[in-house]
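>>> What shape does this take:
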Amino acid sequence: MSRAIDIVREVAPRGKPAYVAAFEHGDGLLKQHEINTPNRLAHFLAQMMHECGALRIDWEDMDYSASRLLEIFGVGKHSAAVTEEEALQLAHKPAAIAERVYGLGNPKKARTRQCQSRRRVSLSRRRPRANHGPRNLLRDREDVRR
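Down below sits the predicted model:
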């Protein structure tokens, strides 16, 4: 099986140095999280390339209009199941959107200071990952094992 870094260098030649370094030194983490077949590696890298714009994007802009919230996170489109009423209330409020869509629904645990206008790109839609830097791409990544 090819090393992830060899593929990354080919498909993301302009990837940010921090991402490239994470893959350069990430063989052990990939193995630890059972990304150990060509198919799993392909799925993982495809998701990374999509979420991070070929390893060029660090932050997800959370400034969505009501219509865009419904299109992406609306009922039947995403597990957040944002309703039309919620979308109207949340529109253009990045911290509230990040908490509602990626948070656990507990405002006391919201990372609003870190999610004020953007959110760290992540591979998990289960909770905010604002402190999840590219050097820890696989931390707590149980869902990549599926």
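>>> phi, psi of the residue nearest to residue 74 when sequence neighbours are not counted?
Leaving out its chain neighbours, the residue that sits closest to residue 74 by CB to CB, 6 or more residues apart in numbering is residue 82, at 5.5 Å. Placement of C-beta: from N, CA and C, glycine included. Residue 82 adopts backbone torsions of phi -70, psi 130, taken as degrees, to the nearest 10.
>>> Next, the contact list for residue 82, please.
Applying CB atoms under 8 Å, 6 or more residues apart in numbering, we find residue 82 in contact with 69, 70, 73, 74, 75, 90, 100, 101.
>>> taking the residues you listed one by one, which sit in helices?
Under the assignment DSSP state H, these contribute 69, 70, 73, 90, 100, 101 to helices.
>>> Can I get stretch 63-81 in PDB? Just the C-alpha atoms.
Provided in PDB are the C-alpha atoms of stretch 63-81 (Å, rounded to 0.1, in the frame of the first residue of the first chain):
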ATOM      1  CA  ASP A  63     -21.500  32.900   8.200                       C
ATOM      2  CA  TYR A  64     -24.500  31.300   6.500                       C
ATOM      3  CA  SER A  65     -27.800  32.900   5.300                       C
ATOM      4  CA  ALA A  66     -31.100  31.300   6.300                       C
ATOM      5  CA  SER A  67     -31.600  29.800   2.900                       C
ATOM      6  CA  ARG A  68     -28.000  28.300   2.800                       C
ATOM      7  CA  LEU A  69     -28.500  26.900   6.300                       C
ATOM      8  CA  LEU A  70     -31.600  25.000   5.200                       C
ATOM      9  CA  GLU A  71     -29.900  23.800   2.000                       C
ATOM     10  CA  ILE A  72     -26.900  22.400   3.900                       C
ATOM     11  CA  PHE A  73     -28.100  21.600   7.400                       C
ATOM     12  CA  GLY A  74     -31.900  21.500   7.000                       C
ATOM     13  CA  VAL A  75     -34.300  18.700   7.900                       C
ATOM     14  CA  GLY A  76     -33.600  15.700   5.700                       C
ATOM     15  CA  LYS A  77     -30.200  17.100   4.600                       C
ATOM     16  CA  HIS A  78     -28.100  16.800   7.800                       C
ATOM     17  CA  SER A  79     -28.300  15.300  11.200                       C
ATOM     18  CA  ALA A  80     -28.600  18.800  12.700                       C
ATOM     19  CA  ALA A  81     -32.100  19.100  11.000                       C
END
